[in-house]
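Provide a 3D model corresponding to the input given below.
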Amino acid sequence: MFSKTITNSSKFLMMPPSAQNLYFHLGMNADDDGFCEHFTIMRMTESKPDDLKILQAKGFIKIFDDKVLIITQWKENNYIRSDRYTPSKYLKIYKEELKQLSSGQEKADKEKTNKEKPKWLKSREKARKDGDLPFSFDYKIKKSFWGRRCIICGEVMGSNSINKPSIQHNIPFSKGGKHTIDNISVICESCNEKNKGRVLDKTNSDEVKRVWDEIKKKDDGIQSVTRMDTQVRLGKVRLGKVRVRERIEKKSNSPSLLPQKTKKFIIKVKKDLEGISISRNQIEEIKKFVAYWTEPNKSQTKIRWELEKTWDTKRRFASWMRNCEKFGNKNKYKIEML
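Prediction:
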């Protein structure tokens, strides 16, 4: 596999196509640690030595000798599971070279992270830290000014992607401005781009201050609702094993509806089989039939008849009688209600 951050980078695409082709073939034929014998690959692809030199100069590979090289961004290109990983036979041979390569890469990463931020960014971050406005100020004030007209160009803010509300400091940070409510105006993004680094002539700081005071009043009026408050409101003060035990006790103390459901099923069977001539043997089978279909489930909440999607008493009883004649009278269900 290959990472698009590498293959779509300008450094990779500026190489000649033959060097790019060689890189792909090296990656496809490398082992689980990125080692590859480049001589055979160059013969297969008919690549030139210059292509290999270009890849090394760009930092995509590291050549150890006339036979073996390693792909430097191998771990970025590939992720191999531990149960499928096979260590390379070259790890012990080029142990010292790998240490030098890893130390050089660590130094390069440290240099990237330790790069000093530009002065304008430092001053901007410092001004925001010294200001008395919260982190949510930008989002809330922009949302409040959505749909209003910009004080500079007169366009409705939010009507398109260019005219979205944005925060502009009346006196910019580069000229000693501060991140305070008195130094902030809300204008559209296009006007913000035009007035970067300039002192604004027209400002709406008073309106921004008034809107921000209203937002703070609303926030103060809303009480913070914790998870425990929600549990108390829903009546779930005690959770875990205690609540489960209470639920079981409540179910055990509540009167069971099974007898009522059984009687309802018996009445249904009598009604459906009314008008059919039934012998004495069939009466015994009807009792067993009713006992079978009124058997409760494990939770003691429903009987077997309720779990069926469709029901036709005559057909069910006819199939019951056929099975009795076919397999013999092996049913052990008894009932005392009929």
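
quick one: Ile61 from Leu52, how far?
Distance of Ile61 to Leu52, given as C-beta to C-beta, to the nearest Å: 8 Å. From N, CA and C alone the C-beta is placed, and that goes for glycine too.

settle it for me: which of the two has more neighbours?
Ile61 (26 against 21; other C-beta atoms under 10 Å).

correct me if wrong: the more buried one contacts Thr72.
Yes: counting by C-beta atoms under 8 Å, Ile61 touches Thr72, with 6.3 Å between them.

what's the burial count for Ile71?
Ile71, neighbours per other C-beta under 10 Å, totals 22.

pretty sure it sits against His38.
No: Ile71 is beyond contact range of His38, at 10.4 Å (criterion: C-beta under 8 Å).

just the C-alpha atoms of stretch 142-155, please, in PDB.
Written as PDB, here are the backbone C-alpha positions of stretch 142-155 (Å, rounded to 0.1, in the frame of the first residue of the first chain):
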ATOM      1  CA  LYS A 142     -20.900  35.700  15.200                       C
ATOM      2  CA  LYS A 143     -24.100  33.600  15.500                       C
ATOM      3  CA  SER A 144     -25.900  36.700  17.000                       C
ATOM      4  CA  PHE A 145     -24.900  38.900  14.100                       C
ATOM      5  CA  TRP A 146     -25.900  36.400  11.500                       C
ATOM      6  CA  GLY A 147     -28.400  38.100   9.100                       C
ATOM      7  CA  ARG A 148     -27.500  41.700  10.100                       C
ATOM      8  CA  ARG A 149     -26.000  44.200   7.700                       C
ATOM      9  CA  CYS A 150     -22.300  45.000   7.700                       C
ATOM     10  CA  ILE A 151     -21.500  48.500   8.900                       C
ATOM     11  CA  ILE A 152     -18.900  49.000   6.200                       C
ATOM     12  CA  CYS A 153     -20.300  47.600   2.900                       C
ATOM     13  CA  GLY A 154     -24.000  47.300   3.900                       C
ATOM     14  CA  GLU A 155     -24.300  43.700   2.800                       C
END
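
and it, how far from the chain's centre?
35 Å (C-alpha atoms, centre = their mean, to the nearest Å).

got phi/psi on the nearest residue to Tyr90 once chain neighbours are set aside?
Sequence neighbours aside, Phe35 is the residue nearest to Tyr90 in space, at 4.4 Å (criterion: C-beta to C-beta, 6 or more residues apart in numbering). Backbone torsions for Phe35, taken as degrees, to the nearest 10, come to phi -80, psi 150.

give me the pLDDT for Phe35.
Listed pLDDT for Phe35 reads 84.

likewise for Glu111?
Confidence score, pLDDT, at Glu111: 59.

same check on Glu214?
Taking Glu214 on its own, its pLDDT is 90.

burial count for it?
For Glu214, using other C-beta under 10 Å, the count is 10.

break the chain into its domains for me.
Segmentation of the chain into domains, based on automatic domain parsing, reads 4-113, 120-221, 223-254, 258-327.

could you tell me the least trusted of those?
Among the domains of the chain, domain 223-254 scores lowest, at a mean of 54.

helix, strand, or coil at the residue nearest to Met321 when sequence neighbours are not counted?
Distances taken as C-beta to C-beta, 6+ apart put Glu285 closest to Met321, at 6.4 Å, once the chain neighbours are dropped. Secondary structure state of Glu285, per DSSP: H, G, I helix; E, B strand; the rest coil, is helix.

contacts only, for Glu285.
By C-beta atoms under 8 Å, 6 or more residues apart in numbering, the contact list for Glu285 reads 320-321, 324.
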